[in-house]
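Engineer: below: sequence and its predicted model.
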Amino acid sequence: MVYGSDTPFVRQYIADINIRAQAIVDAGKAIYTSKLLLGGVLANETDKLFEAKGKVREKK
């Protein structure tokens, strides 16, 4: 599994996102064995997208 922005960062912008990548990997072990869990890939780019949206309680 490869992802960009991490859950604590994203949660500032989208309140409904409350699951960590490791929890997804753990839940899928019965049907898939993950060989890689790599976070932060292009996070400098994906973080900007969330920042442009604005924080949960901010209005644009």
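Structural biologist: Noted; the coordinates are in hand.
Engineer: quick one: the longest helix anywhere in the chain to chain centroid distance?
Structural biologist: Scanning the chain for the helix with the most residues, using DSSP state H, yields helix 43-53. Relative to its chain's centre, helix 43-53 lies at 11 Å (C-alpha atoms, centre = their mean, to the nearest Å).
Engineer: now for it, which elements pack on it?
Structural biologist: Packed against helix 43-53 by the contact rule (3 or more C-beta pairs under 8 Å, 6 or more residues apart in numbering; DSSP states H and E) you find helix 7-11. For every residue, glycine as well, the C-beta is placed using N, CA and C.
Engineer: buried set for the helix or strand following the helix it packs on?
Structural biologist: The helix or strand immediately downstream of helix 7-11 is helix 21-27, counting by DSSP states H and E. Residues of helix 21-27 classed as buried: Ala21 (neighbour count, 16 or more other C-beta atoms under 10 Å).
Engineer: ok, residues contacting helix 21-27?
Structural biologist: For helix 21-27, the surrounding residues in contact (C-beta atoms under 8 Å, 6 or more residues apart in numbering) are Met1, Tyr3, Asp6, Thr7, Ser34, Leu37, Gly39.
Engineer: hang on, the earlier thing: just the C-alphas of the longest helix of the chain, formatted as PDB.
Structural biologist: Only the C-alpha atoms of helix 43-53 are listed here, as PDB (Å, rounded to 0.1, in the frame of the first residue of the first chain):
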ATOM      1  CA  ALA A  43       2.900  14.200   0.500                       C
ATOM      2  CA  ASN A  44       4.300  17.600  -0.300                       C
ATOM      3  CA  GLU A  45       1.900  17.600  -3.200                       C
ATOM      4  CA  THR A  46      -1.100  15.900  -1.600                       C
ATOM      5  CA  ASP A  47      -0.900  18.000   1.500                       C
ATOM      6  CA  LYS A  48      -1.200  21.100  -0.600                       C
ATOM      7  CA  LEU A  49      -4.500  19.800  -2.000                       C
ATOM      8  CA  PHE A  50      -6.000  19.500   1.500                       C
ATOM      9  CA  GLU A  51      -4.600  22.900   2.500                       C
ATOM     10  CA  ALA A  52      -6.200  24.500  -0.500                       C
ATOM     11  CA  LYS A  53      -9.600  23.000   0.700                       C
END
